[in-house]
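Engineer: Give me a 3D structure for the following:
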Amino acid sequence: MGGKVEGGFNVEEWDDAGMRVVDVVASCGNVVVALAAFDAALTQRQVRYLLLRHGTRVLRRSPFADKVDAEERARNLIR
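Structural biologist: Numbering: from 1, shown residues only. The predicted structure is shown next:
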């Protein structure tokens, strides 16, 4: 059987540039609860850089996070 999960699932708000964590909105030991917390955070913080992470692995990203990262990739292509 599987072992205990090290570290939980975190819903994190990052700064607008996606460089650092500003707030841990939720920390859950269960992925189903973490997904619900992420969905709830999206309704409350629509224009924020939100990530649902398990350790370093990103499970979900807010639309704003995708937009910021796409803009950063585009800037890097121009350079």
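Engineer: From now on I want contacts and neighbour counts done on CA atoms only, so please keep to that.
Structural biologist: OK.
Engineer: Check the secondary structure at the closest residue to residue 24 other than its chain neighbours for me.
Structural biologist: Once flanking residues are discounted, residue 24 sits nearest to residue 12: 4.5 Å by C-alpha to C-alpha, 6 or more residues apart in numbering. The three-state assignment at residue 12 reads strand, by DSSP: H, G, I helix; E, B strand; the rest coil.
Engineer: distance of residue 12 from residue 78?
Structural biologist: 30 Å (C-alpha to C-alpha, to the nearest Å).
Engineer: Neighbour count: these two, which is higher?
Structural biologist: residue 12 (22 against 6; other C-alpha atoms under 10 Å).
Engineer: Quick check: beta-bridge partners of the more buried one?
Structural biologist: As for beta bridges, residue 12 partners with residue 24, residue 51 under DSSP bridges.
Engineer: Identify the residues contacting it.
Structural biologist: Each residue near residue 12 by C-alpha atoms under 8 Å, 6 or more residues apart in numbering is listed here: 21-26, 50-53.
Engineer: hey, where'd the helices end up in the protein?
Structural biologist: Here the chain has its helices, by DSSP state H, at 31-44, 63-78.
Engineer: Mean pLDDT for these - can I get that in JSON lines?
Structural biologist: Shown next, in JSON lines, are those (pLDDT from 0 to 100):
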{"stretch": "helix 31-44", "mean pLDDT": "96"}
{"stretch": "helix 63-78", "mean pLDDT": "89"}
